Every structure is written in structure tokens, then in C-alpha cells.
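K.L.:
pasted the sequence and its predicted model underneath.
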Amino acid sequence: MNHSTNHSQSRVLQNHRFSSTLAPSYHALTYSSTGSPSSVINFEESLPAPLPPTKHHASRGTLKSFIKSQYEAGNTGDYSWSVLNKYAETNEMVWSSGLAFDDSEIEVQPLASAVNTADLNTISGTYPIKPSFMSDSNHSYSIPGSEFVGLITSSNSSNSDLQPGSLVLPRTVGLGSWSSHLPPLPAYHFIPVSSITTSPNPSILTLLGMQINPSSAYLMLRNYVPLSPSSTIILTAGKSGVSTAAAVIAKRLYGASVISVIRRKSLSDTEWSTFTESYKSTYNVDMVLSEESVTKTPPKKLIDKVQSLTGEVPLILDCVGGKIGSLLNLTLSRNGCHVTYGGLSREPLKLRAGGSIFSNTSHHGFWLTRWTNYEEWGRWWSSTNPGELLVKKMDERVEMLRDIYRLVEEEESLVLPETKLYHLSDYETAFGMVGKGYKVAFDCRLDDDDNEEEEGKEEEENEGKKE
């Protein structure tokens, strides 16, 4: 069977086929040592049962273990389930008490699971999260995959949103979604799609594509400085998924002006002019600067230029760093914030002491995994009521996903990159497409031939009904 051809996007969008086209046997991508992803990954087919999560995955009891550790450390605040659930009820949180801390087990089968640079770096052993390899009688393994859309196949939860047939997204990372089945996991590891959209037929590709880049953009715009129509934000790597999402979100939710900095490469003046006009129209950006112009413009003129839109530059979202990031940092207004979420230039970001001292500018690093994982939250908490903060974090996550889904599907103002889908066995081709402007993902359901047969039968049935 040849899996070298991309799967069509329509297959994943046809939600009504999910229950009848899920993989009947368990298969997954595994690796037993770090190294080049194409070399160390293995396609395990027809396994008898889902492998249990490895240590670095969000395993059962994460919240209970965290709560226990806080008590043992002598931290203040009541972490008991009853108190946390009562808080959720009395404050009318999106997460009802039966859902926010539901540790009843559910079984989920991933429908589509994304392939991100972070996944490949984890496999290579170069990511801050280091994999742990667990062993059973037959395997020493780790299963990659964090970003996915799944379907509940079995549930012990009493919550109506977490029943068989319900779509879910992951609330924690590292659940091992490059597989046809997840092992039974506590319900609190998942977000029901019904809490995000009331659509009876939600877009699977939108649900998949909005979890990383748009979510990162949303959080960086919301969490560091107040934004308003009088604000101008600067985005580096303007063509990246985070920057294009940030441009739209900043405009739609805050009315802010947006400046995107983009590498011009070898474009002629005419080509560059055509590109910038198209880019500004597509993403509603107010100004486009080339990286070359940033480095060649005297700092005073650069400051005047970027502040000419609204007079205030309170926020820079930077994934380039180096000379570009250092020069743009000079344009920040008083109390402005420079947020770094990547380092594409592989050069150090140099910040002048004067800005911090006299203008009270600040610099922060953003890592979505740190914001997402429960265990990471515990390291930052200084609140006297950590239970309250935990529930609020859950609520914020749902509110964010609702806003993003609305921008994509209802307002159609946020355009996500095209998705390329591959069978799990075609992982080498999928890995080669990462970083080329597409959303790359695995279709974790039946093999191609089986799906084609299933779709053919349905077409015949439809034709028969017409006759």
C-alpha cells in the first residue's frame, strides 16, 4: 500500500464518518532513543492494546499529585477537590465542577494529530522537555504527539460533554497522539469541543490548527500589556503562523495597529511592493518593514517611523532576536514589553540598560507548554488561593479557544495555513514538510485503502437513494 500521496482535507472534515472509520486495531509511532526523527521513529502496526503513557506524558493523577506536593511543601490555600469544585460552581465557570476536576477515565482515539517542530526537537533530544522511555514486556518506547483532535470511544464520566461520540482537544501536552488510540486517561486531560463551539459539525482542521500558533499569539497579546486602538504592536517573522494570527487577533479584538517585519530576500522593488500590498490586505496589517530596512535605518528614524501610526508601541512579539530584535527593542514606548518566543537568527538579543532603567521597558519569554501544563503552573504560583487560580486558568483556555474558533469559522477573518495530512506510516514525508508553510498532521484513522472502500460504499448508497 502506497502512502506517499497526501490525504485530502475533506476526509478529516467529514465528521459523520468518524464512528465507522476509526482504526479497529492499535497502531502508533514510537521511538526508543533520541536522534534524527526519520532514523529513530518506528511505525508499530496492529499492536494488541494502547501502550500506557510514558513518564513525561501527563499521566493519571497529575492534579492530585500536584495538590499533595503543595500541601507537603507547606504552601497556603485549600486544594481539596470539594473546595475547588465549589469555587467552580459558585463562580459559574465555563468548566463545571463535574468537568474541571473529573478524574474518571475516558478512552479517546485521535482523528488527526499535528506534527510540530517541537515534536521533532523532542525526538532529537534538543527540546527542553526530555523524553523518558518506559518499558513493558515487549517495548522500550516513547510515543510523540501533543496537538490533536480526538473522539471519545468509552467514558466513565457522568458529564454529558464527555460521552462516546464527543470530540475533544487535549488540555495537557505529551499524551502520545501519534497513535490510533490513547490509553484510558482521566477526563481532566481533555477539553470537550462542545464547550468551544455549538456547531453540530465543527471543522476538524480548524480545531487542530488553532491549538498552537493562534493560541500562542492570543496569549502573548493578552497577558503582558494592555492593548487598545491607540496601540501599535510589532511582529517579527511576519509570515510565520504566530505572526499572521497575531496580526488578525490584535486588530479584531483590540483594534490595535500592526507592523510586520519580514525578510525581503531577493525580491525586486516591484515584487516587494506587490507582496506587501497583498500581505497587508490579507492580514489587515498597517505597515510592512523588511528586515534589511530595519538594519539600515538609523535608530532615531526607525523609532519615528514605527511610532508614526499611533505614537505608542507597547508590545513587540519577537521570534527572530539577534540584530533585528535588538534594534526593534529601541522603539518600545514607556512601560513597553518585548516578548521573545523564538530565536530564528540564532544570535543573542542585546537590550540596552537605559530602556529598562529610564523607560521601564521589560523583556519576557513565552513558552506555550509552560502555560498549558498543570505541573508548570505550580512553579509560578504565588497566589494565596492557588485553587482559584487553577480554575481560572482552565476557564481562560476555553475562552481563548472560543474566540479563535469564532474568528476562523464565524467571522472568517483569521485564515489558518493549509493542512497536509499523512498516514502514520508515511512519517518521513510528513517530517520533510514541517516548516514549509503548511500545517502538517497525521490522519490517525483507517488506512487509505480501507477509507476509499468505505467512502465508495457511502457514495453508492447515496446514488441508490437518489434513484
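P.N.:
Okay, I see it.

K.L.:
quick one: Val193 and Gly165 touch, right?
P.N.:
No: because the distance of 11.3 Å does not satisfy Cβ atoms under 8 Å, Val193 is recorded as not touching Gly165. C-betas here are computed from N, CA, C, even on glycine.

K.L.:
contacting residues around stretch 30-45?
P.N.:
For stretch 30-45, the external contacting residues (Cβ atoms under 8 Å, 6 or more residues apart in numbering) are 25, 27-29, 51, 120, 123-125, 131, 133, 139-144, 424-425, 427-428, 431.

K.L.:
average pLDDT across that stretch?
P.N.:
Averaged across stretch 30-45, the pLDDT comes to 92.

K.L.:
about what we covered before: and the contacts of stretch 30-45, which of them are in helices?
P.N.:
When DSSP state H defines the helices, the subset of the contacts of stretch 30-45 inside them is 120, 123-124, 427-428, 431.

K.L.:
wait, Met210 sits on Leu416?
P.N.:
Yes: with contact defined as Cβ under 8 Å, Met210 counts as touching Leu416 (6.8 Å).

K.L.:
what's the overlap in contacts for the two?
P.N.:
Counting by Cβ under 8 Å, 6+ apart, the contacts common to Met210 and Leu416 are Val408.

K.L.:
give me the more crowded residue out of these two.
P.N.:
Met210 (26 against 20; other Cβ atoms under 10 Å).

K.L.:
follow-up on the earlier one: which one of the ones in helices among the contacts of stretch 30-45 has the most neighbours?
P.N.:
Neighbours were tallied for each of the ones in helices among the contacts of stretch 30-45 (criterion: other Cβ under 10 Å), and the maximum of 24 neighbours falls on Ile123.

K.L.:
surely it and Pro144 touch.
P.N.:
Yes: between Ile123 and Pro144 a contact is recorded at 5.9 Å, counting by Cβ under 8 Å.

K.L.:
related to what we said a few turns ago, neighbour count: Val193 and Gly165, which is higher?
P.N.:
Under the neighbour definition other Cβ under 10 Å, Val193 and Gly165 were set side by side, and Val193 has more, 22 against 10.

K.L.:
how many neighbouring residues does the closest residue to that one other than its chain neighbours have?
P.N.:
Counting by Cβ to Cβ, 6 or more residues apart in numbering, Val193 lies nearest to Leu167, which is 3.9 Å off, once chain neighbours are set aside. A count of neighbours around Leu167, defined by other Cβ under 10 Å, yields 23.

K.L.:
at which residues are the helices of the stretch 351-467 of the chain located?
P.N.:
Remark: helices assigned in the stretch 351-467 of the chain by DSSP state H, counting those that start in this stretch are 353-358, 368-372, 374-380, 386-405, 427-433, 448-466.

K.L.:
the stretch 51-200 of the chain now?
P.N.:
Shown for the stretch 51-200 of the chain, the helices assigned by DSSP H, counting those that start in this stretch span residues 62-72, 81-90, 97-100, 117-124.
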